[in-house]
Each structure stands twice: as C-alpha cells, then as structure tokens.
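J.: I would like the atomic coordinates for the input below:
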Amino acid sequence: MRAASQAASPVSGLADHLGYWLCQVSNHVSHAFARALDGHGVTVAEWVVLRDLYDVDALAPSRLAAQLGLTRGAISKLADRLVAKGFVARHESSTDGRTHTLILTASGRRLVPALAALADRNDAEFFGHLTADDRQTLARVLEDIVARRGLAAVPID
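T.: Numbering: from 1, shown residues only. So this is what the prediction gives:
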C-alpha cells in the first residue's frame, strides 16, 4: 500500500527547487568573496562592519548591531577583532565613560575602498554576463523576497 502512494506522488529533485539554485549561486559568490577578503586579513563579517562605519563619523555599537541585525555581543566581538587589527578605534563618550562609539582609523578608512573594489570585481565575475535589465530584474526579485519575508539581518556568512 505504501509503495502505491509513493508512486502516485513523485518526489521532486534538488534542481526542481529555486532554493537549490539560489544556494548554488550564493555559496559560490560568498566563498569567492571571502577568499578575496582573506588576502587582506578581513572576514566577510568584518567587511560588513567596516563598510557601515565608512559612511559615518562614528557609530554606537548598539546602533550598528540594530542596523546589521546582529546581537550586541556579536558586534562587540567583531569590534574587538577590528580594533586589534588597527582598522577601528573605540571613542569613549566625554559625558558618559560607560558608552563609546566605533570609528574607522586612517588605515581602516584606506582599506574600505580597496575591499569595495574586491566586492565589485566579485559581482562582475559572477553577474557581469547578465544584461543590465537582467541584473535589475534579479535585484528586484531578490529585494522583493527579502521584503516579503521581513529579512533584516545582513548576510555575513
């Protein structure tokens, strides 16, 4: 009886799922970028923090955590690593010694454009063959999925 019901409803294959194809592309794009960043001693998560700090003078860790959809603990660990590497500094509040902001150091500020160029090259390598219309359509569809699902955390893996 069981075999008859299985025959009546075929099992879909891996390649029948859009998620399979998204994962295929995402994994390869992400790993290629991670390898490129590794050459500069930076992880993808660290790049995300550096890039967010690049556009501001200073940012409280709690605000950075909220922007990136990460915990304060995760931001603290990332900040510790970036401080140790000399790319970020902590600036203590002059009015409240318990609070601080994160700022890019001069070397961190110089590094971000170089890393952004790596991100641009990585995108070109994987998506450069697409027409401008196809890239816009793909971006629109993916942004729609993100919005509909309420996905807020910045992908860092």
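J.: so who does the residue lying closest to F126 once chain neighbours are set aside touch?
T.: The shortest distance from F126 to any non-neighbouring residue, by CB to CB, 6 or more residues apart in numbering, is to V29 (5.1 Å). (Each C-beta comes from the backbone N, C-alpha and C, glycine too.) Going by CB atoms under 8 Å, 6 or more residues apart in numbering, V29 touches 122-123, 126.
J.: can we see that at 10 Å?
T.: If a contact means CB atoms under 10 Å, 6 or more residues apart in numbering, then V29 has 122-123, 125-127 as its contacts.
J.: wait, which of the residues you listed is closest to T105?
T.: Ranked by distance to T105 (CB to CB), these are led by N122 at 24.9 Å.
J.: Does that closest one belong to a helix, a strand or coil?
T.: At N122, secondary structure determined by DSSP: H, G, I helix; E, B strand; the rest coil is helix.
J.: follow-up on the earlier one: which of the contacts of V29 are buried, as a PyMOL select command?
T.: Paste this into PyMOL to select the buried members of the contacts of V29, with burial taken from 16 or more other CB atoms under 10 Å:
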select buried, resi 122
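J.: Closest one to V42 out of the contacts of V29, please.
T.: Minimum distance to V42 across these is 13.7 Å, recorded for N122 (CB to CB).
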